[in-house]
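Q: predicted model follows, preceded by the sequence.
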Amino acid sequence: MQMFVAGEWVGAASGDTFVAESPATGEEIGAVPEGGREDAQRAINAANRAAESWARTTAFERAAAMHRVGDVIEERRDELAHTLTLDQGKPLRTEAYDEVEELVGYWRMAAEDAKRLEGRLANSFSPGKRVLLIRRPRGVVGVITPWNWPYTMPAELIAPALACGNTVVWTPASTTAVAAIALAGCVAEADLPPGVFNLVTGPGAIVGDEIARNPGTHGIGFIGSTETGRKVAEAAVGKALVLELGGNGPVVVLDDADLDQAAEATVTACFLCAGQSCTAGERLLVHRDVREAFVSRLARLVTERVVLGDPFADGTTLGPLNNAGVAVKMDAHVADAVERG
């Protein structure tokens, strides 16, 4: 496995690699380049060299390129779903294929939105003069993404950035770098000009930090924890920022709620992606008058539908946690709940 920089598949400048492992079995998936600041800088330089010519392409040319990426993803649907389950751990049939389908949608939406990105003719204060607002690409956009949705979260940032005429340098979470390389392969096959899209794998504290603070990036998109998001914002001070951070949202069930629908929604909120989501239902606030009825319904649905097992098995609906850090956090949450009764 390799990184993708300036239109070529390359290893880390240092030659270092790290081992990617399956969260379900612990088996070794493969060796991934452990990029560093030098690799991030090389990618940023490549993106800057490509920025001017990519920005000059028409919205319709860029839209066609985004659709080509979507076409490749559709062709590789089975391969991408399998890689996602192997690397991230989410169940193949109930979640992985759904994420791949959603991934296609992100690239196609970006393609069509690019065509509709307009300027405007604003009213002028001075007679005989016209004020024309034109939207221009920012330049190089750095993208830093998490491991819970290794395909759709990056696409949420990368596809619109490219469609609007920006070039991209992307670093994914290390625990789903294999899935990131698979997605990068789809972008590479779509034949964008060299340097327009770049992937650098490696530690977020090093590669992500370099991408965020390097003066060669002009905008930063980050999805991840609030703590890390603050660090990214500090490193990227003065740049355009898009930060989608973690949450601690409750599921609120009032006394007049449809309890069947509430229980259905709660199962999804709490168990989708094994609960590893910024929008997960981390707390249940239930009106005392319907508590017993709601708990009864919820317990039945969990027993019937939540099946922990091999994520490649057809009947599995709940896969493993993705990494050791989140497993420790989950143990602490469960212990706290038990202690509090």
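A: Noted; the coordinates are in hand.
Q: ok so residue 289 is a strand residue?
A: No. Using DSSP: H, G, I helix; E, B strand; the rest coil, the assignment for residue 289 is helix, not a strand.
Q: so who does it touch?
A: Shown in contact with residue 289 (C-beta atoms under 8 Å, 6 or more residues apart in numbering): residue 255. From N, CA and C alone the C-beta is placed, and that goes for glycine too.
Q: tell me how far it lies from residue 12.
A: In this structure, residue 289 and residue 12 are 60 Å apart, going by C-beta to C-beta, to the nearest Å.
Q: likewise for residue 271?
A: Per C-beta to C-beta, residue 271 is found 37 Å from residue 12.
Q: do residue 84 as well
A: 24 Å.
Q: counting by contacts, list what the strand or helix carrying residue 223 packs against.
A: Residue 223 is part of strand 219-224, with elements assigned from DSSP states H and E. Packing partners of strand 219-224 (3 or more C-beta pairs under 8 Å, 6 or more residues apart in numbering; DSSP states H and E): strand 140-144, helix 152-163, helix 209-213, helix 226-235, strand 240-245.
Q: helices and strands around the strand or helix carrying residue 304, which ones?
A: Element membership for residue 304 (DSSP H and E) is helix 291-305. Packing partners of helix 291-305 (3+ C-beta pairs under 8 Å, 6+ apart): helix 259-271.
Q: buried ones in the helix it packs on, by neighbour count?
A: Buried residues in helix 259-271, counting neighbours by 16 or more other C-beta atoms under 10 Å, are found at 259, 262-263, 266-267, 269-271.
Q: rewinding a little: need the helices and strands packed on strand 219-224 in CSV with mean pLDDT and mean neighbour count, can you?
A: As requested, the helices and strands packed on strand 219-224 are exported to CSV (pLDDT from 0 to 100; neighbours: other C-beta atoms under 10 Å):
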stretch, mean pLDDT, mean neighbour count
strand 140-144, 98, 29
helix 152-163, 98, 25
helix 209-213, 98, 23
helix 226-235, 96, 16
strand 240-245, 96, 15
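Q: which parts of this structure are strands?
A: For the chain, strands defined by DSSP state E occupy the ranges 3-5, 8-10, 17-21, 28-33, 120-122, 131-133, 140-144, 167-171, 197-199, 219-224, 240-245, 250-253, 283-286.
Q: let me have those strands in CSV, extended by distance to residue 103.
A: Below are those laid out as CSV (distance: least, C-beta to C-beta, whole Å):
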stretch, distance to residue 103
strand 3-5, 17
strand 8-10, 21
strand 17-21, 20
strand 28-33, 20
strand 120-122, 32
strand 131-133, 33
strand 140-144, 15
strand 167-171, 14
strand 197-199, 15
strand 219-224, 15
strand 240-245, 17
strand 250-253, 27
strand 283-286, 30
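Q: to residue 16, which of the helices and strands packed on strand 219-224 lies closest?
A: Of all the helices and strands packed on strand 219-224, it is helix 209-213 that lies closest to residue 16, at 15.5 Å by C-beta to C-beta.
Q: who are the packing partners of the closest one?
A: Under the contact criterion of 3+ C-beta pairs under 8 Å, 6+ apart, helix 209-213 touches helix 37-56, strand 140-144, strand 219-224, helix 226-235.
Q: between the ones you listed, which one is nearest to residue 175?
A: Among the helices and strands packed on helix 209-213, the nearest to residue 175 by C-beta to C-beta is strand 219-224 (12.1 Å).
Q: what angle separates that closest one from strand 167-171?
A: Angle, strand 219-224 to strand 167-171, by axes from the mean of the first three to the mean of the last three C-alpha atoms, to 10 degrees: 30 degrees.
Q: between the strands of the chain, which gets nearest to residue 65?
A: Evaluated over the strands of the chain, closeness to residue 65 peaks at strand 197-199, with 9.7 Å, by C-beta to C-beta.
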